[in-house]
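Q: Fold the following, please.
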Amino acid sequence: NRPYFVALGTIEPRKNHALLLDLWEREAPEADLIVCGTRGWNNEDVFARLDAGIAGVREIAGLDDGAVAALLSGSRGLLFPSLAEGFGLPMAEAAALGVPVVCGDLAVCREVLGGVGVYASTSDPYAWRRAIRALLDGETGGAGRGYVPPSWSDHFKTVLSMA
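A: Sure, this is the predicted structure:
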């Protein structure tokens with residue numbers, strides 16, 4: 001019955017789950033964090049932290065698309081502190097459901113989300129804490145306001161025009 005946030009994607013270093021685990025370990029927000037995705041590679045420290053358990057953090061793997069959509073829809077937001085992305089499909093999926101997205105301030109995040117994303121530097125945990133607090137307080141920003149995800153063809157036109 002507690003509010004919760006979702007982190008969605010393969011658990012690997014570039015997805016930067018460590019930032020979120022740090023936040024929950026240091027000052028557990030009044031919400032849970034559901035880490036949703038399969039374990040990847042070269043991330044033994046994060047795996048060890050998840051295995052040891054962190055108050056308010058749960059790891060779930062193997063959900064089908066419908067279960068992921070239901071999980072996102074019931075959340076206070078998607079937390080996406082990725083350090084590098086190709087497209088960022090979880091961001092687009094969450095925003096299309098009207099779910100607020102807090103993400104790293106990457107060019108691809110701005111390209112995919114435009115004005116509906118909440119952007120925070122991945123080197124500033126206080127910005128992430130403030131964004132999480134705002135979502136817990138009901139401040140959703142531009143989430144759900146007519147977001148239409150870019151099509152693959154539009155995305156690749158943009159990418160190829162930059163090459």
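Q: mind listing what T10 touches?
A: By Cβ atoms under 8 Å, 6 or more residues apart in numbering, the contact list for T10 reads 37-40. C-beta here means a position set from N, CA and C on the backbone, and glycine is covered the same way.
Q: Now for these, which sits with the most neighbours around it?
A: When neighbours are counted by other Cβ atoms under 10 Å, G37 leads the contacts of T10 with 21 neighbours.
Q: what's the pLDDT at that one?
A: G37 is assigned 95 on the pLDDT scale.
Q: Please apply the same query to D64.
A: Here the pLDDT value assigned to D64 is 96.
Q: cool, and H155?
A: 69.
Q: D51 too?
A: 98.
Q: quick one: secondary structure of it?
A: helix (DSSP: H, G, I helix; E, B strand; the rest coil).
Q: Would you list the phi and psi of R26?
A: The phi and psi torsions at R26 (degrees, to the nearest 10) take the values phi -80, psi -40.
Q: returning to what we had before: let's have the contacts of T10 in a markdown table, adding secondary structure and distance to D51.
A: Converted to a markdown table, the contacts of T10 look like this (DSSP: H, G, I helix; E, B strand; the rest coil; distance: Cβ to Cβ, whole Å):
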| residue | secondary structure | distance to D51 |
| --- | --- | --- |
| G37 | coil | 15 |
| T38 | coil | 15 |
| R39 | strand | 10 |
| G40 | coil | 15 |
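Q: so where do the helices sit in this protein?
A: For the chain, the helices defined by DSSP state H occupy 17-26, 44-52, 65-73, 89-96, 107-113, 125-136, 152-162.
Q: Figure out which of those helices is closest to E59.
A: Across the helices of the chain, E59 has its closest neighbour in helix 44-52 (5.0 Å, Cβ to Cβ).
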